[in-house]
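Student: what's the 3D shape of this:
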Amino acid sequence: MNFCQNRNRLVSLFGSLGPIMTGPSSSHTAGVLRIGRMGRLFLGGDPERIDLFFYGALAETYKGHMSDSAIVGGLLGMREDSPEIGEALSLAEQKNIPVLYHLEPLSKRNPNTVDMLLARRDQSLRVVGISVGGGEILMTEIEDFPIYLQGSEDGILFIADKLFTKEFLAELLEENVLFLEKSVSSNHEEKDVLYTCLTKKPLSDIQLKRIEREAGVRKVFPLTCLLDYKLKNDEPLFSSFEGWLHYADSLHISLPEAAIAFEEKRSGLSKGFIREKVQIAWQTMSQSVEKGMGNDLCLLGGLMPHDEGVKLMALVEGGRSLSGETVGKAVARALGVMTLNGCMGCVVAAPTAGSSGVLPGALLTAAEHLSSDIAEIENALLVAAMTGALIAMRAPVSGALGGCQSEIGVASAMTAAALAQLSGGTAKEVVHASSLALKNILGLICDPVAGPVEIPCIKRNAIGVANAFAASDMAIAGIESIIPPDEVVDALINVQKLLPVELRGSMRGGLASTPTAQKLKDKWFAKLGVKNS
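Tutor: Residues are numbered from 1 along each chain as shown. So this is what the prediction gives:
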């Protein structure tokens, strides 16, 4: 048994190429929904009362990002790709489940924190989680005890007023234990202990009952993995761009093959299953491009036109685009996908929903231009996913945590790598394409107007696309980043830490501070029926 847990984020390929989700925000819709699902799991079913506590930027933007609806949807059993997320609050009302809000916009707590006080059958439960970006989560508290769970675990949590040895628990659970930890809370008057017991596979009802019946056990919370790519091995094949290149070179394999090997070890998935998931992601991306270029879209906030991708495509097809047919079409399609996202349509976060137009818009258009086959597209997606995962292991991919450089910047880096791969670039050229793209967007702020994922988010995807094409072309031409790729990620982290909270999704800086933005915020709040403070 391993009784120490590697708590570095070992991000899956499908943590950066995914989730497949209902828009508009991967952090504040998909991620918080997963936190809600964890709350439901701990609670044992539908809550009878829900108190939601929002801090910092999320206290300002939760309505525009449909965060409250997503959390409630998760608590009611919805998945992140459910088309009914927008109806979750109405469903709760139909079930006579009150939802109460507690807002602290000036709080210094992590702005992606979801703090829930839940009630069911005369019992209350406090659960806290953080949406760390791109739909990924970290559960941090239950009943005032510290925890560290990412939604990818099987096992059990239980509170007891006596001590259990690891040998006893291993025997009780039939040697099914992977990890065991106990923690105490200063807020508990009794000498209660929380045990976190992670297992190789989900516990049976019989095993759960064994724990419940043990003397001294007061509360039991079952754990079931929310994902189909749970962490099976926390020792990565590589965790840096240099390591990726070295691994591929040492085995004389391609970067896509190295990416598959990484995921095989991390998640225990087969090559066939990994490629199948990539195919599903690509099918969803292609569908999002098609739907995004339609004329029947309705933006959640309605703060801007819904047909700007269509307008740009008409310009390109009319031969009037100075940027040319390929880049022009790619940008138009990116705008369309982002518009679909803003309408709560189904998109693939890559790495986030706020940047979900960049990769599909660019890759689909480049593949058409190059007459690429599906295997070549899949390889490009694998390279994009590995690029995003290596960055996300070290840097948050969330505008509220690190500015839009964390979303559009990382998406552009992923896309540049994919384009270089699709163009037949060498492994070194692929990696340098991503670095050149990321360098160009360092410092990009997150300044959403009014709250919805519309202004400037939709049109900001355009710079991610154009930058990716430029970076890929430079790399294929033999132009390299003088700053090594892993040090470029260091630079991203440095800028993220230096960026003030006013420029990280708080609606207090940048475009959000302008008079027009304030008028649009008034319009949005009036639509919601609440007063703009």
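Student: hang on, isn't residue 102 packed against residue 55?
Tutor: No - Residue 102 is beyond contact range of residue 55, at 9.4 Å (criterion: C-beta atoms under 8 Å). Glycine gets a C-beta too; all of them are placed from N, C-alpha and C.
Student: So if I had to pick from these two, which one is more boxed in?
Tutor: For residue 102 and residue 55, the more surrounded residue by other C-beta atoms under 10 Å is residue 55, and the numbers stand at 20 against 12.
Student: Quick one: residues contacting that one.
Tutor: Contacts for residue 55 (C-beta atoms under 8 Å, 6 or more residues apart in numbering) come out as 104, 105, 107, 109, 110, 111, 113, 115.
Student: To which secondary structure element is residue 131 assigned?
Tutor: According to DSSP states H and E, residue 131 maps onto strand 123-133.
Student: List the pairing partners of the next helix or strand after that strand within its sheet, with orientation.
Tutor: Tracing the chain past strand 123-133, the next element assigned as helix or strand by DSSP H and E is strand 136-142. Sheet pairing for strand 136-142, assigned by DSSP bridges, gives strand 123-133 (antiparallel), strand 145-149 (antiparallel).
Student: picking that back up, ok, so of the contacts of residue 55, who is nearest residue 238?
Tutor: residue 110 (28.8 Å; C-beta to C-beta).
Student: Disregarding flanking residues, what is the spatial nearest neighbour of the residue lying farthest from the centre of the chain?
Tutor: Note on the chain: the largest C-alpha distance from the chain mean falls to residue 215, namely 40.5 Å (C-alpha atoms, centre = their mean). In this structure, residue 215 finds its nearest non-sequential neighbour in residue 162, 7.1 Å apart by C-beta to C-beta, 6 or more residues apart in numbering.
Student: List the contacts of the one you found.
Tutor: Residue 162 touches 193, 215, 216, counting by C-beta under 8 Å, 6+ apart.
Student: quick one: secondary structure of it?
Tutor: coil (DSSP: H, G, I helix; E, B strand; the rest coil).
Student: Arrange the contacts of residue 162 in CSV, one row each, with pLDDT as further columns.
Tutor: Output for the contacts of residue 162, formatted as CSV (pLDDT from 0 to 100):
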residue, pLDDT
193, 92
215, 91
216, 92
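Student: on that earlier part again, how near is the residue nearest to residue 215 to residue 193?
Tutor: According to C-beta to C-beta, to the nearest Å, residue 162 and residue 193 sit 8 Å apart.
Student: what ranges do the strands span in the protein?
Tutor: 20-22, 49-55, 99-104, 113-120, 123-133, 136-142, 145-149, 155-160, 177-183, 193-199, 217-223, 346-348 (DSSP state E).
Student: Those: which one's closest to residue 478?
Tutor: Comparing those by C-beta to C-beta, strand 346-348 comes nearest, at 31.8 Å.
Student: low-confidence ranges in this protein?
Tutor: 1-8, 186, 188-190, 530-533 (pLDDT under 70).
Student: related to what we said a few turns ago, kindly indicate which of the contacts of residue 162 lies nearest residue 497.
Tutor: For the contacts of residue 162, the nearest to residue 497 is residue 193 (35.2 Å; C-beta to C-beta).
Student: just to revisit the earlier point, and residue 342, which of the strands paired with strand 136-142 is closest to it?
Tutor: strand 123-133 (18.8 Å).
Student: of all the contacts of residue 162, which comes closest to residue 248?
Tutor: The nearest member of these to residue 248, counting by C-beta to C-beta, is residue 193 at 46.0 Å.
Student: picking that back up, how close does the residue farthest from the centre of the chain sit to residue 389?
Tutor: For residue 215, the distance to residue 389 (C-beta to C-beta) stands at 45 Å.
Student: Check residue 416 too.
Tutor: 16 Å.
Student: who has more neighbours, the two?
Tutor: Ranked by neighbour count (other C-beta under 10 Å), residue 416 and residue 389 place residue 416 first, with 35 against 29.
Student: Tell me which residues of stretch 175-192 come out buried.
Tutor: For stretch 175-192, the neighbour count (16 or more other C-beta atoms under 10 Å) marks 176, 177, 178, 179, 180, 181, 185, 192 as buried.
Student: ok, residue 434 - contacts?
Tutor: Contacts of residue 434 were listed using C-beta under 8 Å, 6+ apart, and they are 241, 387, 413, 414, 416, 417, 420, 471, 485.
Student: which residues does residue 137 bridge with?
Tutor: Beta bridges link residue 137 to residue 131, judged by DSSP bridges.
Student: Surely it touches residue 152?
Tutor: No - with contact defined as C-beta under 8 Å, residue 137 does not count as touching residue 152 (9.4 Å).
Student: between the contacts of residue 55, which is closest to residue 451?
Tutor: Nearest to residue 451, judged by C-beta to C-beta, of these is residue 105 at 12.0 Å.
Student: Quick check: the gap between the residue nearest to residue 478 when sequence neighbours are not counted and residue 372.
Tutor: Excluding its sequence neighbours, the residue lying closest to residue 478 (C-beta to C-beta, 6+ apart) is residue 429, at 7.7 Å. From residue 429 over to residue 372 the distance is 17 Å, taken as C-beta to C-beta.
Student: Endpoint to endpoint, stretch 92-100 covers what distance?
Tutor: Using C-alpha to C-alpha, to the nearest Å, the span of stretch 92-100 from its first residue to its last is 12 Å.
Student: From the rest of the structure, what touches it?
Tutor: Against stretch 92-100 from outside (C-beta under 8 Å, 6+ apart): 46, 47, 48, 49, 50, 51, 52, 68, 72, 76, 89.
Student: Same check on stretch 418-425?
Tutor: 255-256, 359, 362-363, 366-367, 370, 372, 376-377, 379-381, 383-384, 429-430, 433-434, 468-469, 472, 475-476.
Student: Tell me which of those residues fall in helices.
Tutor: Within these, residues falling in helices by DSSP state H are 255-256, 359, 362-363, 366-367, 370, 376-377, 379-381, 383-384, 429-430, 433-434, 468-469, 472, 475-476.
Student: ok, of these, which come out buried?
Tutor: Those of the ones in helices among the contacts of stretch 418-425 that meet the buried threshold are 255-256, 359, 362-363, 366-367, 376-377, 379-381, 383-384, 429-430, 433-434, 468-469, 472, 475-476, by 16+ other C-beta under 10 Å.
Student: hey, what's residue 142 bridged with?
Tutor: Note on residue 142: beta-bridge partners residue 127, residue 145, judged by DSSP bridges.
Student: Now do the contacts for the nearest residue to residue 310 once chain neighbours are set aside.
Tutor: Spatial nearest neighbour of residue 310, chain neighbours left out: residue 293 (6.0 Å); criterion: C-beta to C-beta, 6+ apart. Counting by C-beta under 8 Å, 6+ apart, residue 293 touches 309, 310, 313, 332, 333, 336.
Student: My read is that the third one contacts residue 332, right?
Tutor: Yes - between residue 313 and residue 332 a contact is recorded at 4.0 Å, counting by C-beta under 8 Å.
Student: neighbour count winner among the two?
Tutor: Neighbour count, other C-beta under 10 Å: between residue 313 and residue 332, residue 332 has more, with 28 against 20.
Student: any idea how far the more buried one lies from residue 463?
Tutor: Separation of residue 332 from residue 463 (C-beta to C-beta): 14 Å.
Student: Check residue 228 too.
Tutor: Applying C-beta to C-beta, the value for residue 228 to residue 463 is 34 Å.
Student: ok, what's across the strand from residue 118?
Tutor: Applying DSSP bridges to residue 118 gives these bridge partners: residue 50, residue 125.
Student: Nice, that's everything, thank you.
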